[in-house]
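Enquirer: Provided below are the primary sequence and the corresponding predicted coordinates.
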Amino acid sequence: MRLKDKVAIVTGSTSGIGKASIMRFAEEGAKVVVWGRSNEEVDVVVAELKAKGTEVMGIVADVVDSAAVTEAMDKVKAQFGSIDVLVNNAGITADAQLLKMTETQFDNVIAVNLKGVYNCGQAAAKIMAEQNNGVIINVSSVVGVYGNFGQTNYAATKFGVIGMTKTWAKELGRKGIRVNAVAPGFIMTEMTAKMPEKILDTMKGKSPLGMLGETSDIANAFLYLASDEAKFVTGTVLSVDGGVVL
C-alpha cells in the first residue's frame, strides 16, 4: 500500500474527481479526510468509507474562510496526529465572455479557486513544516496552461495555481514539503455526463486518443505525486489531458 497510515485531505471530495481521489487514497491505506460544503454530502462519503473499514473524518468548511480552514486543519492534526497529503481540489466555474462577465462571477471564482487554495495550502504547510515532511497537490487545468474561450476568471485562477505551486515548491522544499500541480483535460464527471452527446463528441475529438478521461485517471496522478515514488518530484505541473493540447 503506497499511502499506508498517511493522513490525506482532499478538498471538494464529495463528488467527481475529489471523491474518486479520496477513495483511491483509502484503497492505498491512507487515513482520509472528506472535505465538503454540506454535512449531508460529507456524511454520505464518510459512511461509504467507514463501510470499507477506512479511518476517516469529515470536515465541512468554506475554503474561502481562512479562520474556518485553520480550525479544520487543527482538528485533523488533533485527531490523526499529522497531515501528510493535501489535495487542493475544491473549485467552481462561472463562465462568461469578457464583455459579459459580471464582477460577482469574477470575484466568486477567484475567491474559491485561488484564495481557497492559498488558505488551505498555508494552513496545511504550517503543520507540515513542523513535521518536516508533507505533500501538497494543487489542481490546475489545461485551461490554466492554454486559456479557454469564456473562462477569463477560471483561467486566471488556474494559471495562478501554477504560479503558487512553483513558488511554494521553492519555499517549502527545505522544510521537507513537496508541492506539485495536476492539470486535467476533459474528464467524464457527473457534470459532463449531462452534456449533449454532440458536445461530448467534440471534446473527444480534440484528443489524439479520441476519448475523455475518467476521474480515476486524475486520482491515479494524485496518488503517484502523493506517494514516495515521487519523492524527487516537486514544482512540476503534470498534465493529464489525453494530449488535447498537442
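Expert: Perfect, I can see it now.
Enquirer: check contacts around the spatially most central residue of the chain.
Expert: Centroid check for the chain by Cα atoms, centre = their mean gives residue 89 as the closest residue, at 2.1 Å. Contacts here follow Cβ atoms under 8 Å, 6 or more residues apart in numbering; on that basis residue 89 touches 10, 11, 12, 13, 17, 18, 21, 139. The C-beta positions use only the backbone N, C-alpha and C, and glycine is treated the same way.
Enquirer: Buried ones among those?
Expert: With neighbours counted by 16 or more other Cβ atoms under 10 Å, these contain buried members at 10, 11, 12, 13, 17, 18, 21, 139.
Enquirer: Out of the residues you listed, list just those in strands.
Expert: Of the buried ones among the contacts of residue 89, the ones assigned to strands by DSSP state E are 10, 11, 139.
Enquirer: Give me the buried stretch members for the longest helix anywhere in the chain, please.
Expert: The longest helix of the chain (DSSP state H) is helix 152-172. Buried residues in helix 152-172, counted by 16+ other Cβ under 10 Å: 152-162, 164-166, 168-169, 172.
Enquirer: ok, now stretch 125-136?
Expert: For stretch 125-136, burial by neighbour count (16+ other Cβ under 10 Å) applies to 125, 127, 128, 129, 134, 135, 136.
Enquirer: mind checking which helix or strand the last one is in?
Expert: The secondary structure element spanning residue 136 is strand 134-139 (assigned by DSSP states H and E).
Enquirer: what sits up against stretch 38-52?
Expert: Applying Cβ under 8 Å, 6+ apart, the contact partners of stretch 38-52 are 13-15, 19, 22-23, 26, 32, 34-36, 56-60.
Enquirer: Identify those among those residues that sit within strands.
Expert: 32, 34, 35, 36, 56, 57, 58, 59, 60.
Enquirer: ok, so of those, who is nearest residue 216?
Expert: residue 32 (16.3 Å; Cβ to Cβ).
Enquirer: what about the residue of the chain positioned farthest from its centre, which helix or strand?
Expert: Distance to the chain centre peaks in the chain at residue 99, reaching 29.6 Å (criterion: Cα atoms, centre = their mean). Following DSSP H and E, there is no helix or strand that holds residue 99.
Enquirer: Let me see the confidence value for it.
Expert: pLDDT recorded at residue 99 is 98.
Enquirer: Would you map the strands across the protein?
Expert: Under the criterion DSSP E, the chain contains strands at 7-11, 31-36, 56-60, 85-88, 134-139, 177-184, 187-188, 213-214, 237-240.
Enquirer: Is it possible to get TSV of those that adds distance to residue 78?
Expert: Shown next, in TSV, are these (distance: least, Cβ to Cβ, whole Å):
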stretch	distance to residue 78
strand 7-11	12
strand 31-36	12
strand 56-60	10
strand 85-88	16
strand 134-139	17
strand 177-184	20
strand 187-188	34
strand 213-214	35
strand 237-240	32
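Enquirer: quick one: which of these has the weakest pLDDT on average?
Expert: When I compare the strands of the chain, strand 187-188 is least confident, with a mean of 92.
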